[in-house]
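Asker: One predicted model, sequence on top.
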Amino acid sequence: MTSQVSRLPHVDALKATAAQLIVLHHLSAYGPIASAVQHAAPGLIDWLYQYGRMAVQIFLVVAGFLSARALSPRGQLFAGSPGSLIWRRYLRLILPFMASVVITLICSDIVDDWLPDLVPGNTSLPQLLAHALLMHGVLGYESLTVGAWYVAIDLQLFALLLGTLWLARRAKLSHRLRLWAGPLMVLGLCLASLLVFNLDPELDRWAPYFFGAYGLGALVHWVGMLRRPRLGLLLVVGLAALSLLVEFRERVALALLTALALGLAQHWLKSRPARAQPPLTVPLAHLGNHSYSLFLVHFPICLLANALFEQQGLGSAGMGAVFMLAAWLLANMASLPFHRWIEAPAGRLKLQPWLAPQGSMPR
């Protein structure tokens, strides 16, 4: 993560919240620990299972915001090399992701005797290659770890946004019109996603299904540079909200609320004195920095905690709550070395000169 991103406390707060909710969702969805706690707190477990997974919508909106901010930081035409930026993005995603897949497979082998239903079946070389190419969902392979689909979709969404801005740059229009062409094309794709593609569950392996949330995040960045950003934000969110009249979807409603909160927070921060830092900036930056690592590494911890719980023959709700809390804390602790030794080096990876990108890289 760049220092530029770490100075966005509202973004860090959203990323940190989403990551923690996803961890708690998986702890409430898999294994004997969740079953034990279910008896004592069914409402809590049901809520985490039903709504915790929707936190991925927050990730999608934030990812779109950061990508647009990196590709067009001041609203200018995108000027980078699409191929090299997609390659760089792929490396940043795939190296930590494949490390998490290996860790998950090792832990799966350890816990197989106690949790046969939670571990993947026999892993084949084509399945591993499909994961390495982020094509496992498209090719129909079983995911080797939770959240694998999101990593693949992230790359697709980035490529779609990048391609859209590249087409806007190449359009035979005046410079002023081309400045508007990119955001307007993104708005069109966003509405098409919300009104058409997102209504078809068969498309959930492809970027257009998710571009509604991602595009909203990108539009929030550009709207923030208008003379009347709050009016622009309300217009964008209002247009997207029309999709809820076609078919109400809680995930889309959450994406809209996230985009609105992101835009209002951005406007509020710009109105503050330059030296004034909002409360909790440092801890939020830390949690936001490690959100991707936490997303990748928490499932192996979940497997090990559930296996120990099962192996010890524990079944009480009280011990289940203790193990759930311990697994949540350990997952956060495990994200620290994972970020330091795997994710951060992947982000600093030096490319060959002929692959060097011509623009900054979003996270």
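Answerer: The structure has been received and is ready for your questions. None of the values given here were measured: they were computed from a predicted structure. Numbering: from 1, shown residues only.

Asker: which residues does Tyr150 contact?
Answerer: By C-beta atoms under 8 Å, 6 or more residues apart in numbering, the contact set of Tyr150 is 56, 59, 295. From N, CA and C alone the C-beta is placed, and that goes for glycine too.

Asker: The closest residue to the first one other than its chain neighbours sits in which helix or strand?
Answerer: Spelled out, it's Val56. Leaving aside its sequence neighbours, Val56 sits nearest to Tyr150 (C-beta to C-beta, 6 or more residues apart in numbering; 6.1 Å). Here Tyr150 sits within helix 148-170, counting by DSSP states H and E.

Asker: can I get the CA coordinates of the helix or strand just after that helix in PDB?
Answerer: Past helix 148-170, further along toward the C-terminus, the next helix or strand under DSSP H and E is helix 175-195. Output in PDB follows, covering the C-alpha atoms of helix 175-195 (Å, rounded to 0.1, in the frame of the first residue of the first chain):
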ATOM      1  CA  HIS A 175      -9.500  17.300 -25.200                       C
ATOM      2  CA  ARG A 176     -12.400  18.700 -23.000                       C
ATOM      3  CA  LEU A 177     -14.900  16.200 -24.300                       C
ATOM      4  CA  ARG A 178     -12.400  13.300 -23.800                       C
ATOM      5  CA  LEU A 179     -12.100  14.400 -20.200                       C
ATOM      6  CA  TRP A 180     -15.800  13.700 -19.800                       C
ATOM      7  CA  ALA A 181     -15.900  10.700 -22.000                       C
ATOM      8  CA  GLY A 182     -14.200   8.300 -19.500                       C
ATOM      9  CA  PRO A 183     -16.400   9.100 -16.500                       C
ATOM     10  CA  LEU A 184     -19.600   9.100 -18.700                       C
ATOM     11  CA  MET A 185     -18.600   5.700 -20.200                       C
ATOM     12  CA  VAL A 186     -18.000   4.300 -16.700                       C
ATOM     13  CA  LEU A 187     -21.400   5.700 -15.600                       C
ATOM     14  CA  GLY A 188     -23.000   3.900 -18.600                       C
ATOM     15  CA  LEU A 189     -21.300   0.600 -17.700                       C
ATOM     16  CA  CYS A 190     -22.300   1.100 -14.000                       C
ATOM     17  CA  LEU A 191     -26.000   1.500 -14.900                       C
ATOM     18  CA  ALA A 192     -25.900  -1.400 -17.400                       C
ATOM     19  CA  SER A 193     -24.500  -3.600 -14.600                       C
ATOM     20  CA  LEU A 194     -27.100  -2.500 -12.100                       C
ATOM     21  CA  LEU A 195     -30.000  -2.700 -14.500                       C
END
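
Asker: What is helix 175-195 packed up against?
Answerer: Where contact means 3 or more C-beta pairs under 8 Å, 6 or more residues apart in numbering; DSSP states H and E, helix 175-195 is packed against helix 148-170, helix 207-223, helix 229-246.

Asker: now that helix, how far from the centre of its chain.
Answerer: How far helix 175-195 lies from its chain's middle: 22 Å, per C-alpha atoms, centre = their mean, to the nearest Å.

Asker: swap in stretch 327-334?
Answerer: Here the centre of stretch 327-334 is set off from its chain's centre by 19 Å, with C-alpha atoms, centre = their mean.

Asker: likewise stretch 135-145?
Answerer: With C-alpha atoms, centre = their mean, you get 18 Å for stretch 135-145.

Asker: Now it: buried residues?
Answerer: Buried residues in stretch 135-145, counted by 16 or more other C-beta atoms under 10 Å: 136-137, 141, 143-145.

Asker: what's the answer for stretch 315-329, then?
Answerer: Neighbour counts over stretch 315-329 (16+ other C-beta under 10 Å) mark 320-324, 327-328 as buried.
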